Each structure stands twice: as structure tokens, then as C-alpha cells.
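K.L.:
Here is a sequence together with a model predicted from it:
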Amino acid sequence: MTDIILDFLSNPGGRTLNEDRAKVVYLDDKKLHVAIVADGVGGEDVGYVAAQTAIDSFLEHLGNSKETNIPDLLKESVRFANQAVVEVMKNRGGATTLAVAAIHDSKMLYVANVGDSRIYLCRNNDNRYELTQLTVDHTFANVMPWRGEMSVEAARENPQADDLVYVLGRKPQVPVDIGFYGNNSTDPKSAQTRGKNGLSLKSGDSILVCSDGLIKNSPQTGQPFTKTEEIVEVLTTQEGKRAAGSLVAFALGREATDNVSVAMLQMPDPERHKRAQRPLRIAGWIIAGLVVLIAAIIYLASNRINIVAQEAILTQTAEAIAAAQQAQQFDSLAATSTREAFERGFRETAVAATQTAQPTVTPTATSLPRNALPPDKIGEQFSLTSNVPIPIAENDNITVGNFPVYLRIRQDEEARNDADIYVRSGSRLQLIAVSGDRMWLRMFASSNVFIRTGGYVGGITVAIPEAPSLLEFSVAGSCMSIDYPLDSNQMLVNCFAGVCSYSIGGETPVDINVGNQLVFDRQSLVPVSAKRIPESEAVLYQQELAQFGIANVSCLASYIPTPVPTPTRIIIVPTHTPTAPGPFIPPTDAPTVPPPTDAPTVPPPTDAPTVPPPTNTPTVPPPTNTPTVPPPTNTPTVPPPTDTPTNTPVPPRPTETSTPGITVISPP
């Protein structure tokens with residue numbers, strides 16, 4: 001058996017609830033490596049139930065079936081999953097997509113698809129790796145022309161063009177698509193033929209199954225949350241969990257609006273790690289060439305410059321070489337740390353600044369100057385005491401005095417892709433290197449920084465050079481803060497959002513759960529405690545960033561209490577009437593008949609009554625502990641109207657629109 005690499009990762013992305021599910025398995029008896037992604041729809045507690053049911057029931061049938069033809073086996077298993085989801089979702093309105101990639105005998109690829117989760121193939125074609133979309137989304141725009149009910153143009157121009165037509169859980173029968181389409185093919189007949197025959201795989205091939213949250217376009221920029229070239233770069237240089245984490249981090253770094261899930265099957269490729277190191281070797285050659293060139297210039301111009309100038313140039317060259325070597329070391333040690341599930345959902349909901357900015361601050365984030373940078377600069381340093389930003393470059397030392405500073409490191413020309421580094425007073429940093437979508441910093445004692453990665457989705461790594469061993473903290477996809485006080489034996493690290501980790505001595509990175517504050521002992525480098533990040537930490541950073549006009553630090557939103565006094569969710573009292581007839585009985589201990597009192601309704605006895613006085617055995621039944629009529633109890637014979645109704649309210653169904661002969665589900 002070929003050692004196929006398989007892994008997955010699912011993240012809530014920009015939503016509170018994760019309705020995606022992903023899974024990878026190997027079935028030894030069938031020689032099948034399987035990657036599955038399901039994207040549930042319906043909201044609340046419905047979508048994720050549909051997705052989980054689909055995956056569980058699919059794998060159940062896949063493992064128990066005696067079918068040996070793989071395409072037929074996949075079809076049967078998907079149909080079985082659909083029936084299970086239909087049964088579970090009765091009157092609940094939930095549904096799900098399902099995309100499956102299966103490699104048989106480590107050689108042949110087969111797929112099955114319902115919905116708009118996608119399957120991609122990354123393959124080397126003529127010494128150039130390309131990404132090919134193997135499946136087609138089952139949207140109105142694609143399905144209606146297949147049925148012959150609309151032309152391609154009319155379907156694409158229809159307001160329902162992007163609505164899903166085929167999903168699991170809506171009807172007892174659903175078409176299962178096993179076709180290989182390719183980037184430019186939408187013909188279902190030829191695609192089905194190719195799907196039945198399977199696709200022969202070769203060394204270096206990677207199969208990616210993903211939910212649409214990974215690749216859909218951002219509403220702010222119109223660009224994909226994860227670009228094609230980024231997917232290719234990751235799949236050709238990384239494997240397994242690291243590759244899955246990098247792909248998800250791209251989407252999180254661009255504030256994905258949906259859940260993000262990936263599942264991967266990768267054929268072995270000894271060149272993957274070599275390709276990952278190739279840019280480092282090229283950088284080394286360039287640096288070596290620059291050193292030789294500088295040395296030649298110094299030699300040829302030695303009679304025109306004085307000894308002091310020569311020494312200065314040589315010193316700068318040595319520092320540049322040292323910095324490059326350090327950057328190369330960091331790059332070789334850096335890894336995108338991932339995990340199968342986060343402690344809680346990652347939210348990217350904007351929040352307003354909690355305090356009004358002080359008079360001396362820059363007015364708004366959009367008013368911060370954004371002038372053209374010199375070629376050797378990577379960003380700007382802003383101060384509360386000056387309106388003029390200072391350009392900064394790699395290997396620059398950032399020493400902060402009595403007032404904090406804000407560093408804006410540009411990833412490209414898009415303002416939203418800038419990385420934000422807030423540095424409190426008394427801190428000292430050094431910008432080691434910036435390479436592509438990664439950045440490396442040094443942080444010295446008495447420093448406190450807050451980092452938001454922005455477009456540096458490969459991660460920002462902070463090294464602590466004064467530690468007993470190489471200590472690094474990394475964050476990809478969102479925000480982290482590090483407090484390294486001078487007068488304490490402890491170091492505080494807050495993982496606000498994204499993918500956070502720490503590494504000691506270059507060993508494998510260890511995950512830091514999102515929402516956790518880790519306390520490290522500065523001598524042993526061992527985490528001594530972990531707890532949820534105090535809301536005061538987030539509030540303080542939000543207030544301090546607001547001084548620079550940065551009012552929407554979305555990764556801090558979930559830690560800052562909302563000023564709205566009423567809860568966002570309410571209990572809805574059902575409007576149905578009880579099924580058992582009967583009078584209304586209040587749910588109290590008081591009976592429905594008049595209670596006994598000290599003053600009975602009959603005339604009280606006197607010393608000389610004309611009628612027999614009341615005794616312990618009255619002629620009429622007194623209100624005693626044993627009345628002749630059934631006493632009211634806490635368990636009345638009919639259900640009382642309480643806050644815990646006997647019937648559970650039915651969640652609303654997803655929005656449906658009607659077209660003759662077809663049911664359309666609007667995307668969530």
C-alpha cells in the first residue's frame with residue numbers, strides 16, 4: 001500500500017456556529033482512502049446535525065456494503081446517507097451538501113458529489129503545477145441547462161442562479177454526481193463516463209475536498225478567501241495537518257464570512273519538502289552574490305573611500321548576512337500549527353471602539369497616511385506624538401519610549417491585508433525578516449505587543465532571544481498578544497483568534513487553544529497555568545488601539561462585553577393549545593376552590609348557639625387535609641402553561657422558492 005497522506009480541518013470561520021463537518025478515513029478491507037466534506041444548511045441546531053448525519057451514515061454504508069464496483073459503492077452510500085438525513089430532518093428544515101473523494105488501491109481516484117462543496121486535483125503538468133476543479137456546483141445555473149429547461153445564458157441570468165438545487169435531506173431521492181468535469185467542462189454525460197472509469201493518480205498528486213467557505217469571494221474585496229495560486233503553493237510544499245492548517249489560515253486571515261473546511265488526500269512526493277526549501281536556497285545565492293559584489297566594490301573603490309567608510313559597509317554587510325541566516329533558521333523551524341477543532345468558534349464580527357479617542361490621536365484608521373514606500377521599506381511606524389509616519393525596513397530595531405507605537409506592515413497594496421503590531425511603551429522589537437506571507441520578529445524583555453496578522457496568513461513568529469533555549473510564539477489567521485515583563489519570572493501569551501502555537505528549541509510546535517491565556521515560566525519555559533483570557537485584556541488593547549483610530553479590531557469582539565442589556569436570544573412561548581381538554585389550572589400550590597380561613601363562611605359558634613356548634617366531625621365537610629374532592633397538586637391533570645412546553649417549537653425551515661418541478665434552497 002502506498003503511504004497516502006490524509007488529513008482534515010474544520011473551522012467556524014466568520015460564524016458563531018460551525019455547520020461544516022469533515023472526515024478522512026482508510027478502509028483496509030476495501031483498500032479505500034476517503035476524504036469527505038459536508039456543509040450543513042438550516043441554521044441553529046439543524047445544519048450541523050444534517051452534516052454529521054450524512055458523514056456518519058455514508059461511512060456506515062460504505063463499510064458494510066458488499067458492492068465491489070467503487071462508483072456504484074459511492075452512489076449507494078450517498079443515497080443511504082440522503083435517506084438518513086431525510087429521516088432525521090423531518091419537519092426540521094435542515095439539509096447538507098456532501099463531497100467525497102476516494103482513492104482505491106492507492107491508484108485510482110473516484111468522486112461523488114451532491115451540492116456545492118468542491119473537489120480539486122493539484123497535478124504537475126509539463127513541470128508546472130496546476131489546480132483543476134473536478135466537480136461542478138449543483139446550482140440553478142448549472143442544473144437547469146442539464147435538464148433542458150433553460151438555456152445556459154438564461155439560467156445564469158436568473159435571480160436564482162446561485163441557489164442550490166441538489167442537497168441531501170430534502171427529498172427521498174437525490175441525483176448523485178460521480179463525474180470528472182475539469183475546469184472547462186460542464187457536460188454531465190461525458191463527465192459521468194470519466195467518473196465511472198476513475199482517474200489514475202501519480203506521484204505528487206493532491207486531492208482537496210473543501211466547503212465553499214474556503215474559496216468563495218470576499219464581499220469586501222471580490223477576491224477569493226483563498227486564491228488558486230495559494231492552494232497550489234500549499235499542496236506542493238506542505239503535507240497533512242500543516243497543509244490543512246495553512247489553507248484554512250488563508251481564509252481566516254481574510255476574515256472568511258462562512259465556515260471553512262478542508263479534507264485532503266496526497267500522493268507521496270519526495271520533492272515537496274525540497275520545493276519548500278528552494279526559495280531559501282535562492283535567497284542564499286542572492287545574498288552570497290550581493291556579498292561578493294559589495295566586496296568587489298569596496299576593493300575597486302578602496303582608494304576613493306576612507307577606512308572608516310569601508311568598515312561601516314563591511315559591518316552592515318555582516319549584519320545583513322547574520323539577519324538572513326537568522327531568517328533562514330526561523331523559516332526552517334516555522335510551521336503552521338493546526339488542530340482538528342478549536343475550543344470555541346472564531347468570530348470576525350466588527351465591534352466599535354469602547355472609548356473615545358484622546359485629542360492627540362490620529363482621527364480615524366482610514367486617515368492614517370498611506371504614502372508610497374521606498375523599495376527597501378516594508379511598512380510604517382506611527383506615534384501619538386507625531387503625525388508623520390516613519391518608514392521601517394527589515395532588520396530595523398523598534399525601541400519605544402514613553403508613548404506606545406503602532407506598526408503597519410504592508411503585505412501588498414491592499415490596505416485590508418496590512419499586518420498590525422501594537423507596541424506598548426518601554427518595549428523593544430527587531431523586525432528580522434518578511435518573506436511572502438510570513439514575518440519574523442525578535443522581542444526583548446520589558447516588551448508587550450499585540451499582533452494581528454492581516455495578509456500574512458502564513459503566520460507571524462516572535463522569537464525570544466533571551467530565553468534559555470530558542471523560544472518562539474506563532475500566530476496565523478488572526479490575533480495574539482505577548483507580555484514579556486522585565487521584573488517578573490512569568491510571560492503571558494493570549495491567543496485571541498486564529499491558529500496559535502509555541503515552540504521550544506526548534507521542536508514541533510504545540511497548539512495554544514483559542515481563548516486561552518498561557519503563563520510561561522521564563523526560566524524553565526514551561527507553561528505553568530492556562531485560563532480563559534480576561535475580558536479586561538481585550539478591553540485594554542481595544543482602547544489603546546482606538547488611540548490610533550483603529551476602532552474595529554474584530555478578533556477582540558467576543559471578549560468585550562456588549563452594552564446591550566437584553567440577551568440576543570429569547571425563549572419563544574409556543575402558541576399551540578393543550579391536547580387534553582379541561583379547565584385552566586394555574587401552576588401554583590393554591591387550590592381552585594376557596595381555601596380554608598380562620599373565618600368560615602357560616603356563622604361562628606356562640607356560647608349559646610341555636611344550632612349545633614361545629615365539632616371535629618362537622619355535618620358538612622370542612623376544608624381539611626383530606627377533602628372529598630381531588631385537591632389541586634403540583635402535577636395537574638392537564639399540562640399547565642409553563643416555560644418548559646411539552647412540545648418543542650419547530651425551527652423555521654430554510655427559505656424556499658418554487659420553480660415548476662424543482663425545489664431551490666437559498667444559500668445560507
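P.N.:
That came in fine, so what should we check first?
K.L.:
Which other helices and strands does the one helix or strand Ala84 maps to contact?
P.N.:
Under the criterion of DSSP states H and E, Ala84 resides in helix 70-88. If contacts are counted by 3 or more Cβ pairs under 8 Å, 6 or more residues apart in numbering; DSSP states H and E, helix 70-88 sits against helix 47-64, strand 98-104, strand 108-114. All C-beta spots, glycine's among them, are computed from the backbone N, C-alpha and C.
K.L.:
just the CA coordinates of that helix, formatted as PDB?
P.N.:
Below are the C-alpha coordinates for helix 70-88, written out as PDB (Å, rounded to 0.1, in the frame of the first residue of the first chain):
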ATOM      1  CA  ILE A  70     -16.300   1.600  -6.500                       C
ATOM      2  CA  PRO A  71     -18.500   4.200  -8.400                       C
ATOM      3  CA  ASP A  72     -21.600   2.200  -7.600                       C
ATOM      4  CA  LEU A  73     -20.500   1.800  -4.000                       C
ATOM      5  CA  LEU A  74     -20.100   5.600  -3.600                       C
ATOM      6  CA  LYS A  75     -23.500   6.200  -5.200                       C
ATOM      7  CA  GLU A  76     -25.300   3.700  -2.900                       C
ATOM      8  CA  SER A  77     -23.600   5.100   0.200                       C
ATOM      9  CA  VAL A  78     -24.600   8.700  -0.700                       C
ATOM     10  CA  ARG A  79     -28.200   7.600  -1.300                       C
ATOM     11  CA  PHE A  80     -28.200   5.800   2.000                       C
ATOM     12  CA  ALA A  81     -26.900   9.000   3.600                       C
ATOM     13  CA  ASN A  82     -29.600  11.000   2.000                       C
ATOM     14  CA  GLN A  83     -32.300   8.800   3.400                       C
ATOM     15  CA  ALA A  84     -30.800   9.000   6.800                       C
ATOM     16  CA  VAL A  85     -30.700  12.800   6.700                       C
ATOM     17  CA  VAL A  86     -34.300  12.900   5.400                       C
ATOM     18  CA  GLU A  87     -35.400  10.800   8.300                       C
ATOM     19  CA  VAL A  88     -33.500  12.900  10.900                       C
END
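K.L.:
I'd like to check what contacts that helix. Which residues are they?
P.N.:
30, 32, 49-50, 53-62, 65, 67, 94-96, 98, 100, 102, 104, 108, 110-112, 114, 168-174, 176, 178, 195-196, 198 (Cβ atoms under 8 Å, 6 or more residues apart in numbering).
K.L.:
following it, which helix or strand comes up?
P.N.:
strand 95-96.
K.L.:
helices or strands up against that next one?
P.N.:
Strand 95-96 packs on strand 32-41, helix 47-64, going by 3+ Cβ pairs under 8 Å, 6+ apart.
K.L.:
could those go into JSON lines alongside mean neighbour count and mean pLDDT?
P.N.:
Shown next, in JSON lines, are these (neighbours: other Cβ atoms under 10 Å; pLDDT from 0 to 100):
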{"stretch": "strand 32-41", "mean neighbour count": "28", "mean pLDDT": "96"}
{"stretch": "helix 47-64", "mean neighbour count": "22", "mean pLDDT": "95"}
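K.L.:
Go through these and name the closest to Gly245.
P.N.:
Nearest of the helices and strands packed on strand 95-96 to Gly245, taken as Cβ to Cβ: strand 32-41 at 15.9 Å.
K.L.:
now that closest one against helix 47-64, angle please.
P.N.:
Computed by axes from the mean of the first three to the mean of the last three Cα atoms, to 10 degrees, the angle separating strand 32-41 from helix 47-64 equals 160 degrees.
K.L.:
roughly how far apart are Arg272 and Glu239?
P.N.:
6 Å (Cβ to Cβ, to the nearest Å).
K.L.:
Buried by neighbour count: which residues of stretch 174-188 qualify?
P.N.:
The neighbour-count check on stretch 174-188 (16 or more other Cβ atoms under 10 Å) flags 174, 176-182, 188 as buried.
K.L.:
Spatially, which two of the residues you listed are the most separated?
P.N.:
Val174 and Gly182 (23.5 Å).
K.L.:
Pro369: neighbour count?
P.N.:
11 (other Cβ atoms under 10 Å).
K.L.:
for the closest residue to Tyr120 other than its chain neighbours, what are its contacts?
P.N.:
Nearest residue to Tyr120 in three dimensions, chain neighbours excluded: Leu208, at 4.4 Å (Cβ to Cβ, 6 or more residues apart in numbering). Applying Cβ under 8 Å, 6+ apart, we find Leu208 in contact with 119-122, 231, 235, 247, 262-264.
K.L.:
gap between Gln220 and Glu255?
P.N.:
8 Å.
K.L.:
between the two, which one's more packed in?
P.N.:
Glu255 (23 against 11).
K.L.:
From the buried residues of stretch 174-188, which land in strands?
P.N.:
Under the assignment DSSP state E, the buried residues of stretch 174-188 contribute nothing to strands.
K.L.:
Let's see which of those residues end up in helices.
P.N.:
Within the buried residues of stretch 174-188, residues falling in helices by DSSP state H are Pro188.
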